[in-house]
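> structure of the sequence below:
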Amino acid sequence: MNNTYFKILKTFISNKNNEALTKRVWEWLVDSNNQREKDEVLFVLWSERADEADKSTLQSLRKFKNSVKHNSGQKRTYVFRRWAQVAATLLLCMISFATAYFINSNNKTSDLVEVYVPKGERKQIVLSDNSTVYLNSNTLLVYPKSFEGESRMVYLMGEGNFSVTRDPKHPFIVKTKNQKVKVLGTQFNLHAYPEDSQTITTLETGKVVVQDLDDKEIAALNPNEQLIYNNQTKAFQKNKAEASLYSGWTKGELNFVSTTLKEIFTTIERVYDVHIVLPMHITTNDVYTIKFKPNTSLIEVINIITKTIGNIEYTIKDENVILIDPIKKKKGGL
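Here you go, the predicted structure:
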């Protein structure tokens with residue numbers, strides 16, 4: 001194992017880092033150079049912290065690690081991308097940085113609970129105030145065993161549907177990497193995956209106030225309203241929205257409303273725990289609205305998506321869904 005890499009990463013996950021340094025470390029982690037050595041260090045560090053995570057989290061990590069070991073060539077490249085994402089967002093960001101971030105912003109907390117839901121799964125959590133949270137695939141929720149102080153704060157990385165018990169004296173706050181959502185008693189959906197370009201808050205009942213991390217109000221939402229926040233530019237757009245479509249995943253539905261192909265495939269990867277390999281020419285900015293019945297199978301979903309795109313075939317190998325351009329296939333390539 002490379003001792004220099006170990007010291008760098010050990011120091012990184014043990015301390016609070018500024019945004020510029022964090023970005024540089026992420027970029028270094030996912031760079032393909034010396035990846036074997038970085039993989040080894042990450043796996044050792046993960047093993048040291050395994051007791052802090054849910055057992056399913058460790059199983060998911062091992063599954064990715066084994067995939068990397070047993071694949072080579074082009075296939076390994078795609079599997080590596082999945083492992084790199086897990087290493088960066090799951091190991092470091094989720095277990096260390098997210099928790100430290102939560103603690104530093106919420107001085108009065110009891111013991112913290114970290115719940116991670118792997119790809120392909122969903123989970124419901126009941127908090128100490130009887131509020132419920134339904135967590136989507138590849139999502140982390142950090143929350144105190146019991147709420148103390150003037151507010152009830154939780155940290156979300158991923159997607160959650162919240163049904164909050166009303167308590168005017170203790171507002172409920174969901175903190176994400178880029179913003180906060182403050183409520184008294186309501187139901188809303190919050191889509192806040194760190195790798196996505198947008199954070200989307202959709203209100204079903206009650207009222208919420210979306211704030212930046214300095215507590216400055218961005219917008220207030222009423223039922224069937226949605227705030228789309230650009231994580232890079234900090235620009236935002238407030239829209240009317242059919243809230244039930246955005247919480248449909250809690251019922252096993254898969255709904256896309258004016259969604260790009262990139263976003264559609266990213267969601268499918270999370271929901272079905274697969275990786276999708278795309279021909280270059282179909283990564284367009286076109287948007288699609290597609291609604292699937294509850295618990296539609298992966299094959300049915302891919303069939304409909306490829307027919308919607310047009311002139312695309314596909315094959316499924318292990319955990320990879322490979323979309324194929326028929327013209328290039330005839331020439332002997334993908």
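> over the longest strand along the chain, what's the mean pLDDT, rounded is fine.
The longest strand of the chain (DSSP state E) is strand 152-163. For strand 152-163, mean pLDDT rounds to 94.
> helices or strands up against that strand?
helix 98-105, strand 132-135, strand 139-144, strand 172-175, strand 187-192 (3 or more CB pairs under 8 Å, 6 or more residues apart in numbering; DSSP states H and E). Bear in mind the C-beta positions are built from the backbone N, C-alpha and C, glycine included.
> the last one pairs with which strands, parallel or anti?
Listed by DSSP bridges, the sheet partners of strand 187-192 and their directions read strand 152-163 (antiparallel), strand 198-205 (antiparallel).
> elements contacting the next helix or strand after the shortest one?
The reference is to strand 198-205. Beyond strand 198-205 on the C-terminal side, the first helix or strand identified by DSSP states H and E is strand 208-211. Applying 3+ CB pairs under 8 Å, 6+ apart, one finds that strand 208-211 contacts strand 180-183, strand 217-221.
> winner for burial among the strands paired with strand 187-192?
Comparing the strands paired with strand 187-192 by mean neighbour count (mean count of other CB atoms under 10 Å), strand 152-163 ranks first with a mean of 24.
> that one versus strand 139-144: what angle between them?
Counting by axes from the mean of the first three to the mean of the last three CA atoms, to 10 degrees, strand 152-163 points 130 degrees away from the direction of strand 139-144.
> for Q237, what are its contacts?
L227, I228 (CB atoms under 8 Å, 6 or more residues apart in numbering).
> quick one: secondary structure of it?
strand (DSSP: H, G, I helix; E, B strand; the rest coil).
> under the pLDDT cut-off, which ranges of the stretch 1-150 of the chain? List them.
Residue ranges of the stretch 1-150 of the chain with pLDDT under 70: 1-110.
> for stretch 308-315, what is the average pLDDT?
Stretch 308-315 shows a mean pLDDT of 84.
> report the buried residues of that stretch.
For stretch 308-315, the buried set under the neighbour-count rule, 16 or more other CB atoms under 10 Å, comprises I309, I312.
> so for it, first residue to last residue, what's the gap.
With CA to CA, to the nearest Å as the measure, stretch 308-315 spans 17 Å from end to end.
> cool, and stretch 141-161?
End residues of stretch 141-161 are separated by 11 Å (CA to CA).
> equivalent analysis for stretch 228-244, please.
By CA to CA, the extent of stretch 228-244 from end to end equals 16 Å.
> next: stretch 220-239.
12 Å.
> same deal with stretch 112-121?
End-to-end distance for stretch 112-121, by CA to CA: 22 Å.
> residues of it that come out buried?
Residues L112, E114, V115, Y116, V117, P118, K119, G120, E121 are the ones in stretch 112-121 that count as buried (16+ other CB under 10 Å).
> which SSE is the last one in?
Applying DSSP H and E as the criterion places E121 outside every helix and strand.
> what's the answer for the fourth one, then?
In this assignment (DSSP H and E), Y116 forms part of strand 112-117.
> who are the packing partners of that strand?
Under the contact definition 3+ CB pairs under 8 Å, 6+ apart, strand 112-117 sits against helix 55-69, helix 98-105, strand 123-126, strand 139-144.
> if we use 10 Å, what do you get?
Helices and strands touching strand 112-117, by 3 or more CB pairs under 10 Å, 6 or more residues apart in numbering; DSSP states H and E, are helix 55-69, helix 98-105, strand 123-126, strand 132-135, strand 139-144, strand 152-163.
> dig out what Y314 forms beta bridges with.
L323.
> ok, it to Y288 distance?
17 Å (CB to CB, to the nearest Å).
> now mean pLDDT, mean neighbour count and distance to V208 too, for the helices and strands packed on strand 208-211, in TSV please.
Listed next are the helices and strands packed on strand 208-211 as TSV, based on pLDDT from 0 to 100; neighbours: other CB atoms under 10 Å; distance: least, CB to CB, whole Å:
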stretch	mean pLDDT	mean neighbour count	distance to V208
strand 180-183	94	22	5
strand 217-221	95	17	5
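> okay if I get these as TSV plus distance to I322?
Below are the helices and strands packed on strand 208-211 laid out as TSV (distance: least, CB to CB, whole Å):
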stretch	distance to I322
strand 180-183	38
strand 217-221	40
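> out of these, nearest to N255?
Distance to N255, taken as CB to CB, is lowest for strand 217-221 among these, at 19.3 Å.
> which strands and helices sit next to the closest one?
So strand 217-221, by 3+ CB pairs under 10 Å, 6+ apart, packs with strand 180-183, strand 198-205, strand 208-211, strand 225-230, strand 236-240.
> can you list the strands that it pairs with?
Strand 217-221 has its sheet partners listed here by DSSP bridges as strand 208-211 (antiparallel).
> show me what the partner strand is in contact with.
162, 164, 171-175, 179-184, 186-188, 190, 199, 201-203, 215, 217-223, 225, 227, 229, 236, 238 (CB atoms under 10 Å, 6 or more residues apart in numbering).
> cutoff 6 Å now
Strand 208-211 is contacted from outside by 179-183, 186, 188, 201, 217-221, 227, using CB atoms under 6 Å, 6 or more residues apart in numbering.
> just stretch 156-173 next, same as before
Identification of contacts with stretch 156-173 by CB under 6 Å, 6+ apart yields 98, 129-136, 138-141, 151-153, 174, 176, 180, 182-194, 247, 250.
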